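Chemist: Take this sequence and fold it.
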Amino acid sequence: MLNKVGKCLYERQKPSLVNLILNLIIILICLVFIVEIIFNTYYTNIYVKGRSMMPTLTGAPSGADGAELLPGGDYVFVDTHVSPDYFDIVVVQTTDDGGFPYDIIKRVIAFGGDTVKLDRGTLLIKYKGDEEFTKIDEPYIAEGFNDASDSKNTFGEHLVKDDCMFLLGDNRNESADSREKGDFPIADLVGVVPKWSIENKSWLTSLYTFFEFTLGFNRWN
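Modeler: Below you'll find the model as predicted:
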């Protein structure tokens, strides 16, 4: 008799399939939440607007004349815990003419002590300690985005200040960058856009646009 009672109690206490599934779901949610916290500690998300980094990052316009506009730009992540290297895409905080802060996304071309010049769209760098300029191959610049006849794409020798970066947009024809704004202090760096984020920008953009997430930045040049 006691054995039968014990057996009945044991059978009642056995977890059901529904409880097992619920427990697994709760565990998965907790894991996702933990991973999200850790991920957000190192990365921030940005929504790129404007034409300055085309074609690497599509801000908005689709036509060469800017007449047609796409509904949005590219969604990428920024690593806030790494130091920039040559030709990394970075986000830097700066201020407008009224003193209001905003963020820009550009490519690192040179650092303090380097000398930079542009000759009809061709980039040359005399690295710190070198005596001669090195012609730089820029595969990220597409045809039509670096007009050799545009005076903006010829830039005299410029020595980058210490603890600063010389930044250029991939769309040299339209980017507002160090050619106009001068060197950007490394201290104003927000972070570096990792290569995996650029390589996966299409599905990241689709994913976050679909869920209509609130995006962190609202002005990109």
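Chemist: Just the helices from the protein, written as ranges.
Modeler: In the chain, the segments counted as helices under DSSP state H are 2-13, 17-42, 178-181, 195-199, 201-210.
Chemist: Of those, which shows the lowest average pLDDT?
Modeler: Among the helices of the chain, helix 2-13 carries the lowest mean pLDDT, at a mean of 50.
Chemist: now the most centrally placed residue in the chain: how far from residue 117?
Modeler: Nearest to the mean C-alpha position of the chain, counting by CA atoms, centre = their mean, stands residue 193 at 3.5 Å. Per CB to CB, to the nearest Å, residue 193 is found 26 Å from residue 117. Where you see a C-beta, it was placed from the backbone N, CA and C, and this is true even at glycine.
Chemist: same question, residue 109
Modeler: 11 Å.
Chemist: In its sheet, which strands sit next to the strand ranked longest in the chain, and in what direction?
Modeler: When the chain is parsed with DSSP state E, its longest strand is strand 101-111. Partners of strand 101-111 in the sheet, by DSSP bridges, are strand 89-95 (antiparallel), strand 164-168 (antiparallel).
Chemist: what mean pLDDT does that strand have?
Modeler: Per-residue scores along strand 101-111 average to 94.
Chemist: which residues sit against stretch 124-144?
Modeler: 54-56, 64, 87, 107, 109-118, 122-123, 170, 172 (CB atoms under 8 Å, 6 or more residues apart in numbering).
Chemist: got it, and stretch 158-171?
Modeler: 51-57, 84, 90, 92, 104, 106-117, 123, 140-142, 145, 175-179, 183-187, 189, 221.
Chemist: same question, stretch 86-103
Modeler: 46, 53, 56-57, 78, 84, 104-111, 140, 165, 167, 181, 184, 188-193, 198, 217, 219-220.
Chemist: circling back to that earlier point, in the longest strand of the chain, what counts as buried?
Modeler: Going by neighbour count (16 or more other CB atoms under 10 Å), the buried part of strand 101-111 is 103-111.
Chemist: And it, how far out from the chain middle?
Modeler: With CA atoms, centre = their mean, to the nearest Å as the basis, strand 101-111 stands 10 Å off its chain's centre.
Chemist: for stretch 185-200, same thing?
Modeler: 5 Å.
Chemist: Which residues outside that stretch are in contact with it?
Modeler: The contact list for stretch 185-200 (CB under 8 Å, 6+ apart) reads 43-44, 56-57, 76-84, 88-94, 103, 105, 111, 163-165, 204.
Chemist: run the last query once more with 6 Å
Modeler: Identification of contacts with stretch 185-200 by CB atoms under 6 Å, 6 or more residues apart in numbering yields 76-80, 82, 84, 88-93, 163-165.
Chemist: ok, back up a step: now, the contacts of stretch 124-144 that are in strands?
Modeler: Using DSSP E, these in strands are 107, 109-111, 115-118, 122-123.
Chemist: In a markdown table: those residues, plus distance to residue 30.
Modeler: Formatted as a markdown table, those follow (distance: CB to CB, whole Å):
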| residue | distance to residue 30 |
| --- | --- |
| 107 | 39 |
| 109 | 44 |
| 110 | 46 |
| 111 | 43 |
| 115 | 53 |
| 116 | 50 |
| 117 | 55 |
| 118 | 53 |
| 122 | 54 |
| 123 | 49 |
